[in-house]
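[1] The following comprises the amino acid sequence and a computationally predicted model.
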Amino acid sequence: VQLQASGGGLVQPESSLRLSCAGSGFTLGYYNIAWFRQGPGKEREGVACINMANEGTMYAESVKGRFTISRDNDKNTVYLQMNTLKPEDTAVYFCASDCFAGSADYWGQGTLVTVSS
């Protein structure tokens, strides 16, 4: 049972990236799935979460209007579309099996996003 996060990379400011969180060994559709991030010298913070039931979403204020979380249950995958990236978005991004970090049973290994000119 694991979550596999991918899609990170080095991009310039104002660019876009799409992160993927693929589940193996369990069905993501049974869980609320969230993205968290931890930037250099910063604490981990929640970025976005998608509800398993009605696909309601929540976002951190810092990413509202720029990031979009979505899910494809047929592919057992959750995505984080990140647009208009800023240097302060630089972080390791993790996906997890709950909107609240302390309640998540499963965590992905993290994928590094670096936004720099």
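    On my side now, so go ahead. Residues are numbered from 1 along each chain as shown.

[2] Every contact and neighbour count from this point should use C-alpha atoms.
    Will do.

[3] Tell me where this protein has strands.
    With DSSP state E as the criterion, the chain has strands at 2-6, 9-11, 17-24, 33-38, 45-50, 57-59, 67-72, 77-82, 91-96, 111-115.

[4] Count the neighbours of Thr68 for me.
    20 (other Cα atoms under 10 Å).

[5] residue contacts, it?
    By Cα atoms under 8 Å, 6 or more residues apart in numbering, the contact set of Thr68 is Ala48, Tyr79, Leu80, Gln81, Met82.

[6] coming back round to it: any chance of the strands of the chain in TSV, with mean pLDDT too?
    Converted to TSV, the strands of the chain look like this (pLDDT from 0 to 100):
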stretch	mean pLDDT
strand 2-6	94
strand 9-11	97
strand 17-24	96
strand 33-38	97
strand 45-50	97
strand 57-59	96
strand 67-72	95
strand 77-82	96
strand 91-96	97
strand 111-115	98
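
[7] among these, which is nearest Asp105?
    Ranking those by their distance to Asp105 (criterion: Cα to Cα) puts strand 91-96 first, at 7.6 Å.

[8] got a list of contacts for the closest one?
    By Cα under 8 Å, 6+ apart, strand 91-96 touches 3, 5, 21, 33-40, 104-114.

[9] can you give me the angle that strand makes with strand 17-24?
    30 degrees (axes from the mean of the first three to the mean of the last three Cα atoms, to 10 degrees).

[10] change the start of the numbering to 54 and stick with it
    Sounds good: first residue 54 from here, last item strand 144-149.

[11] what is the orientation angle of strand 144-149 with strand 55-59?
    Using the same axes, to 10 degrees: strand 144-149 against strand 55-59 is 150 degrees.

[12] now the spatially most central residue of the chain: how far from Gln57?
    The centroid of the chain falls nearest to Trp88 when counting by Cα atoms, centre = their mean (3.0 Å). Distance, Trp88 to Gln57, by Cα to Cα, to the nearest Å: 12 Å.
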